[in-house]
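In: Provided below are the primary sequence and the corresponding predicted coordinates.
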Amino acid sequence: MNLTHLFDLSLVNRATHAAVEWGGQMYTFGDIDARSNRVANALLSRGFQKGDRLCVYLANCLELVDIYLACVKTGVIFVPINILYREREITHILTDADPRAAVTLAADFPAIVPVLKPAELTSDATTRPPSVIDGDDPAALVYTSGTTGVSKGAIITHNNFAANALNLLTCWQITAEDRFLLALPLFHVHALGNGLHTWLMAGCRMRLLERFEHKKAAEEFISFQPTLFFGVPTIYVRLLDTPIETARQMAAHMRLFVSGSAPLPAQALEDFRKLFGHTILERYGMTETMMNISNPYVGERRPGTVGFPLPGVSARIVGPEGQEVADGETGEVYLRGPNVFAGYWRRPEATAAAFVDGWFKTGDLGVRSADGYYTLQGRRSDLIISGGFNIYPREIEELLLEQNGVAEVAVLGVEDKLRGEVPAAYIVTNGACDFSALEEECRAKLASFKVPRAFVKVDSLPRTALGKVQKHLLPKP
């Protein structure tokens with residue numbers, strides 16, 4: 001089977017049922033099926049074949065859903081691009097993925113490949129085109145930063161997406177009776193892999209938002225009366241400002257709040273429970289694996305932990321010598337299961353380095369309690385997670401080192417109450433250096449969440465005898 005067979009449980013079997021609210025209109029699953037068939041036929045008429053890549057640089061919209069489903073139906077590989085990315089970052093993905101075309105509404109999108117507008121991907125044919133797609137065929141190529149700062153494409157197969165969604169349907173009890181409010185960006189696997197796939201497989205009603213807007217959150221919750229909501233810690237921290245009467249109205253019909261993409265502070269979970277009357281379910285996932293570990297739907301959702309491995313997913317805590325450590329001891333989290341990606345796009349060496357004996361090395365440090373709960377304790381790499389987005393300092397450092405007056409630079413994450421972490425840049429100068437100009441250059445070349453929130457001038461960077469920068473010795477900005 002492939003994803004289309006599972007989506008047909010809703011697209012065909014629930015064709016007349018309400019599927020999604022977008023822009024004040026409601027569309028049935030039959031509408032979504034027909035819309036995506038038009039796009040699928042348009043792709044084929046433009047010469048797309050199974051295995052071709054299609055890059056998509058769009059904010060959340062119904063057309064993005066149509067395009068993704070069209071790719072699934074034809075075997076075209078869907079390549080979402082973060083809409084906060086700028087020319088430097090977009091160009092790398094376009095060059096690496098080598099797509100046949102890109103779809104966007106952005107006027108300044110790099111013209112490296114043919115650029116199409118969503119309106120250009122339509123046809124009169126509403127009949128689904130024939131295709132032969134295997135479960136091991138790639139469905140999406142999702143780019144994630146690497147420890148060297150080079151963004152790599154993670155190959156996510158139909159089977160990967162299916163195993164992930166089926167686990168969530170079962171473990172989080174998602175059914176056609178749910179009402180799902182989705183405000184997360186569809187270019188991210190959190191919304192794409194978890195949100196879109198569980199909605200289509202369960203056949204529930206969804207309201208899709210372009211983005212989460214704090215000031216409109218209460219109105220969206222109260223008017224739609226959702227039972228299910230996926231968020232990142234930044235969203236939940238913002239919601240803690242809600243007056244208690246409003247919070248209880250927002251949560252009146254809620255069944256499950258889920259948090260992921262970054263660690264949720266234990267205090268935030270407790271504060272949210274007191275205010276909204278619900279205990280957030282925290283889980284652990286990543287681009288290359290989607291969902292790995294989850295607190296239980298029924299049972300203790302333990303603050304500060306991410307719970308137990310999901311069905312079919314095996315986890316190990318491994319020490320520096322490759323040995324499995326005892327409960328209570330810290331090590332690197334290794335994973336194995338049907339959710340684990342097929343490898344990095346056209347990077348066999350990086351793929352080989354990411355696995356050992358069939359286990360995926362996450363780079364995350366964790367510990368398992370005596371009763372089986374897993375707790376994450378940071379990362380082996382310098383990864384910064386800010387508001388659910390991954391930031392690798394090397395990418396920012398390389399850009400800053402290109403600027404006049406910058407001799408040395410170290411970027412690290414510093415604690416932030418709202419976003420969890422934000423990047424800060426420590427700079428050794430070798431002449432006149434305008435920090436305001438550095439910030440403007442970062443804003444012009446990088447996604448907004450990657451721009452350092454502080455630029456700190458230092459006389460030197462602390463280093464080991466071998467020259468490695470000891471970032472933990474740098475002062476707080």
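Out: Ah, there it is. Residues are numbered from 1 along each chain as shown.

In: Now stretch 70-77: buried residues?
Out: 70-77 (16 or more other CB atoms under 10 Å). To be clear about C-beta, it is placed using only N, CA and C from the backbone, and glycine gets the same treatment.

In: What about those residues, which are in strands?
Out: Ile77 (DSSP state E).

In: Identify the single longest helix in this structure, thanks.
Out: helix 29-45 (DSSP state H).

In: per-residue confidence averaged over it?
Out: On average, the pLDDT along helix 29-45 is 98.

In: Following the chain past it, name the next helix or strand.
Out: Once the chain leaves helix 29-45, the next helix or strand it forms, by DSSP states H and E, is strand 53-57.

In: strands paired with that following strand, and their directions?
Out: Sheet pairing of strand 53-57 (DSSP bridges) gives strand 77-80 (parallel), strand 101-104 (parallel).

In: out of those strands, deepest packed?
Out: Between those, strand 77-80 has the highest mean count of neighbours, a mean of 24, where neighbours are mean count of other CB atoms under 10 Å.

In: Next, the buried residues of the helix or strand of the chain with the lowest mean pLDDT.
Out: Least confident helix or strand of the chain, by mean pLDDT, DSSP states H and E, is strand 374-379 with a mean of 84. Neighbour-count burial for strand 374-379 flags 374-376, 379 (criterion: 16+ other CB under 10 Å).

In: what does stretch 80-98 give?
Out: Result for stretch 80-98 [16+ other CB under 10 Å]: buried residues 80-83, 85-86, 89-90, 93-94, 96-97.

In: Could I get the residues you listed in a markdown table, plus columns for secondary structure, pLDDT and distance to Arg248?
Out: Formatted as a markdown table, the buried residues of stretch 80-98 follow (DSSP: H, G, I helix; E, B strand; the rest coil; pLDDT from 0 to 100; distance: CB to CB, whole Å):
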| residue | secondary structure | pLDDT | distance to Arg248 |
| --- | --- | --- | --- |
| Pro80 | strand | 97 | 36 |
| Ile81 | coil | 96 | 39 |
| Asn82 | coil | 93 | 35 |
| Ile83 | coil | 93 | 34 |
| Tyr85 | coil | 91 | 39 |
| Arg86 | coil | 92 | 41 |
| Glu89 | helix | 92 | 42 |
| Ile90 | helix | 96 | 43 |
| Ile93 | helix | 96 | 43 |
| Leu94 | helix | 98 | 47 |
| Asp96 | helix | 97 | 48 |
| Ala97 | helix | 98 | 46 |
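
In: Which residue ranges of the stretch 151-300 of the chain form helices?
Out: Using DSSP state H, counting those that start in this stretch, the helices of the stretch 151-300 of the chain run over 158-171, 189, 197-202, 217-224, 233-239, 244-250, 266-276.

In: gap between the two ends of stretch 130-140?
Out: Start and end residues of stretch 130-140 are separated by 20 Å (CA to CA, to the nearest Å).

In: quick one: contacts of it?
Out: Stretch 130-140 has contacts (CB atoms under 8 Å, 6 or more residues apart in numbering) with 1-4, 50-51, 71-75, 77-80, 155-162, 192, 342.

In: distance between it and the chain's centre?
Out: 22 Å (CA atoms, centre = their mean, to the nearest Å).

In: now, which of the buried residues of stretch 80-98 sits nearest Gly366?
Out: Relative to Gly366, the closest of these is Asn82; by CB to CB it sits at 26.5 Å.

In: Phi and psi next, for the residue found closest to that closest one once you drop the neighbours it is linked to in the chain.
Out: Residue nearest to Asn82 in three dimensions, not counting chain neighbours: Phe187, with 5.2 Å by CB to CB, 6 or more residues apart in numbering. Per-residue torsions, Phe187: phi -80, psi -10 (degrees, to the nearest 10).

In: isn't Phe187 right next to Leu84, touching?
Out: No. Phe187 is not in contact with Leu84 according to CB atoms under 8 Å; the separation is 9.1 Å.

In: Domains in the chain, by residue range?
Out: The domain map for the chain lists 3-281, 385-473, with the assignment taken from automatic domain parsing.

In: shaky segments in the stretch 51-200 of the chain?
Out: Residue ranges of the stretch 51-200 of the chain with pLDDT under 70: 145-149.

In: change it to 80
Out: For the stretch 51-200 of the chain, the stretches flagged by pLDDT under 80 are 145-150.

In: residues in contact with Pro296?
Out: With CB under 8 Å, 6+ apart, Pro296 has these contacts: 171, 307-308.

In: Of these, just say which sits nearest to Leu208.
Out: Scanning these for proximity to Leu208, where the rule is CB to CB, the winner is Cys171, at 23.5 Å.

In: list the contacts for the closest one?
Out: Cys171 is in contact with 294, 296-297, 310-311, counting by CB under 8 Å, 6+ apart.

In: Give the PyMOL command for selecting the buried subset of these.
Out: Buried members of the contacts of Cys171, defined by 16+ other CB under 10 Å, are picked up in PyMOL with:
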select buried, resi 294+297+310
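
In: Pull the distance from stretch 134-145 to the chain's centre.
Out: 14 Å.

In: buried stuff in it?
Out: Neighbour counts over stretch 134-145 (16+ other CB under 10 Å) mark 135, 137-145 as buried.

In: Once you drop chain neighbours, what's closest to Ile222?
Out: The shortest distance from Ile222 to any non-neighbouring residue, by CB to CB, 6+ apart, is to Gln249 (5.3 Å).

In: So for the one you found, what pLDDT did the model give?
Out: Gln249 is assigned 98 on the pLDDT scale.

In: For it, grab the count of nearby residues.
Out: Counted with other CB atoms under 10 Å, residues neighbouring Gln249 total 15.

In: same thing with the one 4 residues further on?
Out: His253: 14 surrounding residues under other CB under 10 Å.

In: And it, how far from Gln225?
Out: Between His253 and Gln225 the distance is 4 Å, computed by CB to CB, to the nearest Å.

In: Name the residues contacting each of these two.
Out: Taking CB under 8 Å, 6+ apart as the contact rule, His253 and Gln225 both touch Arg179.
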